[in-house]
Each structure stands twice: as structure tokens, then as C-alpha cells.
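Student: Requesting a structural model of the entry that follows:
(one chain, ligands or ions: 1)
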Amino acid sequence: MPVTQRFGEGHRILVSGGAGFVPSHTVDALLARGCEVVAIDNFITGSRDNVAHLAGEPRFTLIEADLTEGLPPLPGRFDAILHMASPASPTDFTKLPMEILKVGSIGTMALLERAVEDAARFLMASTSEAYGDPLVHPQPESYWGNVNPNGIRSVYDESKRFSEAATMAYHRFHGLDTAIVRIFNTYGPRMRPDDGRAIPTFIDQALRGTPLTVQGTGAQTRSITYVDDLVRGILLLLDSREPGPINCGTEHEITMLDLASLIVRLAGSDSPIELVERAPDDPEKRRPDLTLARQKLGYEPQVGPEEGLSRTIDYFRTLSNASQ
Ligand SMILES: NC(=O)c1ccc[n+]([C@@H]2O[C@H](COP(=O)([O-])OP(=O)(O)OC[C@H]3O[C@@H](n4cnc5c(N)ncnc54)[C@H](O)[C@@H]3O)[C@@H](O)[C@H]2O)c1
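Tutor: Okay, the predicted model is just below:
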């Protein structure tokens, strides 16, 4: 069923983590629709550079604040709140475990309370990590997952699962208008070269001419989504009346070894590929079942891996040129 646009000119949207990779692209899309956007960020993994192009935009405000220390003063009412703040890279799971747990618990609760006060639509950025190392493939929203509750990834997986539980409790108990997007591996411009996730790491290595470090045998797979496709899905979900989790991603599944080879080719690099030790609890495979996203939102990814990766490589080249 086609979704009719609910949010646009005259609507005020709060985006937590607004200076991050996915959130900053979401901010751009909301502004392009005519919304007024307030972004909160403590820059723990995001950067002012991601929203620097919005300097002088009267419909955009950036507030530096840590969500886990209580919300800063935010006068006026919001029509929608998008909770996207959280460190999200596997390297953050060991570097920032407390920050991840707090933003997914204290931060989520603070924004849910504000959404109730404002009678705002509340959209929470969840993750395919909610499925853990899945025993069902591809993963439909009805699958409860296979998560190690106290392993190295648990700070992230469980904080997102807690956020989902809290979001649904506010929906059931307070009648809050909610939405949950389960995001599958997304890549694109504004990722950090030292972010620790596979795609920025491989691109950075390919452009430097150093070996691409593929974990394990490289046979593990991911479905990779270009950020523009994800943001379209997020806005479709925001516009819809769907309260619960919906997968957003692509069905294009690729092994880590093939991904590394593709990046070497697209970057015109002569870097070799080197197999390194695999991180604990690293999932074997991930692919979204997009049936619900298609049925409820009319969502269809449009950007293929060659095009998306080429655009991302171009962005990383501008970064390395700027630093020379
Ligand atoms: N990129 C992906 O593939 C992916 C996959 C699944 C889920 N997600 C989710 O999407 C959201 C955005 O992810 P991303 O990849 O763009 O990561 P990101 O790190 O670039 O963005 C997150 C932003 O949140 C900010 N932040 C973190 N803690 C905060 C706090 N306590 N107070 C205020 N700001 C805070 C960071 O500084 C950063 O700007 C996250 O919630 C993440 O869990 C992303």
C-alpha cells in the first residue's frame, strides 16, 4: 500500500545523533522536505563536519548535548522524534560499552518521555544485530534472534533490544505513535575511515595501498545498503502508521572476501587481501526479509553495490586529498 507523506513543511523534527553518518543524511532528507530539524549530538562518534554544509540554514539547529545526562532545554513542540544516537561500530563495542548501554537505556527513556509530552511520532533506529547470529535466514521481523546476552557485542545488541522493548511498552501503555526500523549494514559518504566497520576499513586500506584485512575465511556474508536507500526507507516508515519493527536494507548478500575484491577493483587499487583473526560472536550471515517493508511501505532499494561503493570511494578520496 503506498504511504502518504505525513511530515514536511511546517513540521518540527528532533533527531538524536544528528551529526552522525546515517542521522546526518536523514537530517538532509527531512530539510529537503521542508521540515524544521533540531539535532542533538555529543560528537562521541559523529562530527560537526557531517552537518557543516547546513551552516546558515535557518530551519536547522544543532545542539551539543549528551542525551544520557538528561535532555537539554528544548522549547516548543516536536511533531516527530527520531532516536538515532548510539555508537554503532564493532570497535565501539569494546571502546564505548558504558556509553552504548546508557544511550540505549537512559537516552531512549528520556526521548520516549518527551515524545509522550509532545504527542510526537517516535522512531527508533534499531539494528539487524537484534537478530544476533541468526539461525533463520533471511531474517523476518517475527524472528526473535540468537543473541549472546553477555558476550562482547551484547552491550549494543541488548541496548537496542531494550530500546525496542521500551518503545513498544510506551506504544501499548501510553498509546504513543511509534516506529522501529531494523537497519541492516549501511554504508556511504560520511562514514569515518577509522570507524572499524568493514566497508570504510577496506576502502581506506585500498586507497592507501595497504592489505585489506578480511576476518576469518571471509566466507561470512552481509547485505549491504547504500545510505540513500536506507534514508528513503526511514522516511517511508516515519510517514506510515506502522508501530513495530520493520527491516530496512537490501537483499544483495555478499561474502566479505568478494566485498574486499570488489572494493580493490572499484578503487583501482593493487592492495592484496590478508586474512586476519575473526572477532568473537561475529555473525555468519545476515540478510533482511523485506516482505513487510514492501507490503507496508512500498519500499524497494535502488542503488546497487557497484554504484554505491563507487560513490563512497569517491567520498573517501576527497577526504584523503583534503588531508594531504
Ligand atoms: N550504519 C549502520 O549500518 C547501522 C546499522 C544498524 C543500526 N544503525 C543505527 O543507526 C544509528 C546511526 O548509526 P551510524 O552508523 O550513523 O552511527 P554514527 O556513530 O555515525 O551516528 C551516531 C551519532 O550519535 C551520536 N551520539 C552517540 N551517543 C550520544 C549521546 N549520548 N548523546 C548525543 N549524541 C550521541 C554520535 O556522536 C553520532 O553522531 C545508530 O543508532 C545505529 O545503532 C546503524
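Student: Three-state assignment for Gly247, please.
Tutor: To be clear, residue 247 is Asn; Gly isn't right here. Classification of Asn247 by DSSP: H, G, I helix; E, B strand; the rest coil places it in strand.
Student: where exactly do the helices run in the stretch 201-324 of the chain?
Tutor: 227-239, 256-266, 291-292, 305-322 (DSSP state H, counting those that start in this stretch).
Student: Okay, buried residues for the longest one please.
Tutor: Which is helix 305-322. 305, 308-309, 311-313, 316, 319 (16 or more other CB atoms under 10 Å). Any C-beta I mention is one placed from the backbone N, CA and C, and that applies to glycine too.
Student: Tell me if I'm right that Ser86 and Ile100 touch.
Tutor: Yes - between Ser86 and Ile100 there is a contact at 6.2 Å, judged by CB atoms under 8 Å.
Student: Neighbours of the closest residue to Glu158 other than its chain neighbours, how many?
Tutor: Here the nearest residue to Glu158 in space, its sequence neighbours aside, is Pro149; by CB to CB, 6 or more residues apart in numbering that works out to 6.1 Å. Residues contacting Pro149 under the criterion other CB atoms under 10 Å number 9.
Student: Can you report phi and psi for Pro149?
Tutor: Geometry field for Pro149 lists phi and psi as phi -80, psi -10, criterion degrees, to the nearest 10.
Student: what's the answer for the one 5 residues further on, then?
Tutor: In terms of degrees, to the nearest 10, the main-chain angles of Ser154 are phi -60, psi -30.
Student: Spit out the contact partners of it.
Tutor: Counting by CB atoms under 8 Å, 6 or more residues apart in numbering, Ser154 makes contact with 147-148.
Student: rewinding a little: which stretch among the helices of the stretch 201-324 of the chain approaches the ligand most closely?
Tutor: Ranking these by proximity to the ligand (CB to the nearest ligand atom) places helix 227-239 first, at 7.8 Å.
Student: Looking only at neighbour counts, state which of Ser86 and Ile100 leads.
Tutor: For the pair Ser86 and Ile100, the greater number of neighbours falls to Ser86 (29 against 23), based on other CB under 10 Å.
Student: what's the burial count for the residue nearest to the more buried one when sequence neighbours are not counted?
Tutor: Nearest non-adjacent residue to Ser86, counting by CB to CB, 6+ apart: Val103, 5.0 Å away. Per other CB under 10 Å, the neighbour tally for Val103 reads 26.
Student: Enumerate every residue touching Val103.
Tutor: With CB under 8 Å, 6+ apart, Val103 has these contacts: 67-68, 85-87, 159.
Student: secondary structure class for it?
Tutor: Secondary structure, three-state DSSP: Val103 is helix.
Student: what pLDDT does it get?
Tutor: At Val103, the model reports a pLDDT of 98.
Student: could you measure it against the ligand, distance?
Tutor: In this view, Val103 and the ligand are 4 Å apart by CB to the nearest ligand atom, to the nearest Å.
Student: do the same with Ser223
Tutor: Ser223 sits 11 Å away from the ligand, going by CB to the nearest ligand atom.
Student: How about the contacts made by that residue?
Tutor: Contacts for Ser223 were tallied using CB under 8 Å, 6+ apart; they are 184-185, 249-254, 286-288.
Student: Same question for Val147.
Tutor: 129-133, 154, 157-158, 161.
Student: switch to 7 Å and redo it
Tutor: 132, 157 (CB atoms under 7 Å, 6 or more residues apart in numbering).
Student: Go ahead and confirm Ile273 touches Ala260.
Tutor: Yes - in this structure, Ile273 is within contact of Ala260 by CB atoms under 7 Å, at 5.1 Å.
Student: Which one's more surrounded, these two?
Tutor: Ala260 (26 against 17).
Student: which residue sits closest to that one in space, ignoring its chain neighbours?
Tutor: Distances taken as CB to CB, 6+ apart put Leu212 closest to Ala260, at 4.4 Å, once the chain neighbours are dropped.
Student: That neighbour: neighbour count?
Tutor: 27.
Student: I'd guessed Asp92 sits against Gly46; true?
Tutor: No - Asp92 is beyond contact range of Gly46, at 11.9 Å (criterion: CB under 7 Å).
Student: of the two, who's got more company?
Tutor: Shown here are Asp92 and Gly46; by other CB under 10 Å, Gly46 has more neighbours (23 against 20).
Student: Kind regards, and thank you for your time.
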